[in-house]
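J.: Pasting the sequence and the predicted model now:
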Amino acid sequence: MSEHTNKQFHTDLETTRSLFLQMGGLVEAMVKDSMNALATGDMSLIDQVRDREKDVNALEVDIDERISLLIARNQPTAIDLRLLLSVSKMLTDMERCGDEAEKIAKMARRLHDSNSNYEPVVELRHMATAVTSMIRDALDAFARMDPVHAAQVVRNDKEVDKEWKGSLRHVITYMIEDPRTISHSIDLIFIARALERIGDHAKNMAERVIYMVHGDDVRHLGLKQTERLARGEGSPENQTDGDKPAGSEDQQA
């Protein structure tokens with residue numbers, strides 16, 4: 001690769017990174033706006049979410065095409081190739097976060113249109129704050145190439161999973177006590193489920209950051225091993241006899 005071609009490649013690579021971060025910022029705003037619409041009934045926020053969804057989809061197509069061209073026209077080094085492959089995988093998760101945010105906005109519209117006096121029967125704002133923080137932290141870890149920060153996102157997903165299960169129990173109890181709330185409560189379950197899925201996608205992105213930096217695929221390894229690899233402390237093959245299997249690590253972490 002000539003010096004000119006190499007310079008152009010890294011310029012295009014940086015543009016691709018910047019566009020992905022821009023896409024992430026839009027998705028984070030979509031999650032916040034959809035939850036604010038649920039809390040306040042502000043229909044303008046729902047329209048804003050739908051407009052941003054179109055922008056997110058357009059960015060996904062644009063970035064995907066850029067990645068394909070960068071790989072086809074150049075011979076990226078290992079670290080650059082890992083970055084491009086990671087962004088390609090993260091694109092899908094980020095776009096799906098946007099889809100889940102749009103689902104929440106649609107549910108919010110339905111809840112408020114069907115009942116002008118609607119009030120949530122379960123508190124979901126803390127869960128929403130947690131998953132938006134996970135998106136932001138995954139993006140921050142990506143921007144700074146910080147695998148340790150990425151591993152914290154993986155750990156935080158455990159708390160979101162707990163909140164999802166707690167919300168589900170709460171809503172089911174409410175439905176049993178007052179069957180008139182069943183229709184609205186089911187919508188709230190779908191919203192809580194959408195938030196939990198956003199957390200899963202953020203976790204997936206964080207795992208890709210660890211791969212991008214160290215070349216270690218930490219999917220399905222368990223939290224403790226993920227954190228160990230994020231710190232650069234060996235590979236999966238170096239697991240000692242004292243390490244627990246991936247599933248049991250996750251349950252105890």
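T.: Yep, it's here. Numbers count the residues shown, from 1 in each chain.
J.: give me the low-pLDDT residue ranges for the stretch 151-253 of the chain?
T.: Counting by pLDDT under 70, the stretch 151-253 of the chain contains low-confidence ranges at 234-253.
J.: Apart from its neighbours in sequence, what residue is nearest Glu28?
T.: With sequence-adjacent residues excluded and distances taken as C-beta to C-beta, 6 or more residues apart in numbering, Glu28 is closest to Ile135, at 4.9 Å. No exception for glycine: its C-beta is placed from N, CA and C like everyone else's.
J.: what about that neighbour, how many neighbours?
T.: Ile135 has 26 neighbouring residues, counting by other C-beta atoms under 10 Å.
J.: And the one 5 residues further on, by the same measure?
T.: Around Asp140 there are 16 other residues, counting by other C-beta under 10 Å.
J.: Equivalent analysis for the one 10 residues further on, please.
T.: Applying other C-beta under 10 Å, we find 29 other residues in the vicinity of Ala150.
J.: got the contact list for it?
T.: Applying C-beta atoms under 8 Å, 6 or more residues apart in numbering to Ala150 gives the contacts 137-138, 141-142, 206-207, 209-210, 230.
J.: circling back to that earlier point, secondary structure element holding the residue nearest to Glu28?
T.: Following DSSP states H and E, one finds Ile135 within helix 125-144.
J.: ok, residues contacting that helix?
T.: By C-beta under 8 Å, 6+ apart, the residues outside helix 125-144 that reach it are 17, 20-21, 24-25, 27-28, 31-32, 35, 39, 86, 90, 97, 146-147, 149-150, 152-153, 156-157, 159-160, 163-164, 167, 192, 195-196, 198-199, 202-203, 205-206, 209, 212.
J.: do stretch 154-173 as well
T.: In contact with stretch 154-173 (C-beta under 8 Å, 6+ apart) are residues 121-122, 124, 126-127, 130-131, 133-134, 137, 185, 188-189, 192-193, 195-196, 199-200, 202-203, 206-207, 218, 223, 226-227, 250, 253.
J.: Restrict it to CA atoms and write it as CSV.
T.: In CSV, the C-alpha atoms belonging to stretch 154-173 read as follows (Å, rounded to 0.1, in the frame of the first residue of the first chain):
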residue,chain,number,x,y,z
VAL,A,154,-21.0,-6.8,30.2
ARG,A,155,-21.2,-6.9,34.0
ASN,A,156,-23.9,-4.2,34.0
ASP,A,157,-26.1,-6.4,31.8
LYS,A,158,-26.6,-8.7,34.7
GLU,A,159,-28.3,-5.9,36.7
VAL,A,160,-30.5,-5.1,33.8
ASP,A,161,-31.6,-8.8,33.6
LYS,A,162,-32.5,-8.7,37.3
GLU,A,163,-34.5,-5.5,36.8
TRP,A,164,-36.4,-7.1,33.9
LYS,A,165,-37.3,-10.1,36.0
GLY,A,166,-38.4,-7.9,38.9
SER,A,167,-40.5,-5.8,36.6
LEU,A,168,-42.2,-8.9,35.1
ARG,A,169,-43.1,-10.2,38.6
HIS,A,170,-44.4,-6.7,39.6
VAL,A,171,-46.6,-6.4,36.5
ILE,A,172,-48.0,-10.0,36.8
THR,A,173,-48.9,-9.3,40.4
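J.: Can you report how many residues neighbour the closest residue to Gln152 other than its chain neighbours?
T.: Closest residue to Gln152 apart from its sequence neighbours, by C-beta to C-beta, 6+ apart: Asp137 at 6.8 Å. When neighbours are counted by other C-beta under 10 Å, Asp137 registers 19.
J.: Now stretch 49-57 - C-alpha only, CSV.
T.: Extracted C-alpha coordinates of stretch 49-57, given in CSV (Å, rounded to 0.1, in the frame of the first residue of the first chain):
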residue,chain,number,x,y,z
VAL,A,49,-38.1,8.7,17.5
ARG,A,50,-39.6,7.6,14.2
ASP,A,51,-37.6,10.3,12.3
ARG,A,52,-34.4,9.2,14.0
GLU,A,53,-35.1,5.6,13.1
LYS,A,54,-34.9,6.5,9.4
ASP,A,55,-31.6,8.3,10.0
VAL,A,56,-30.3,5.2,11.9
ASN,A,57,-31.3,2.9,9.1
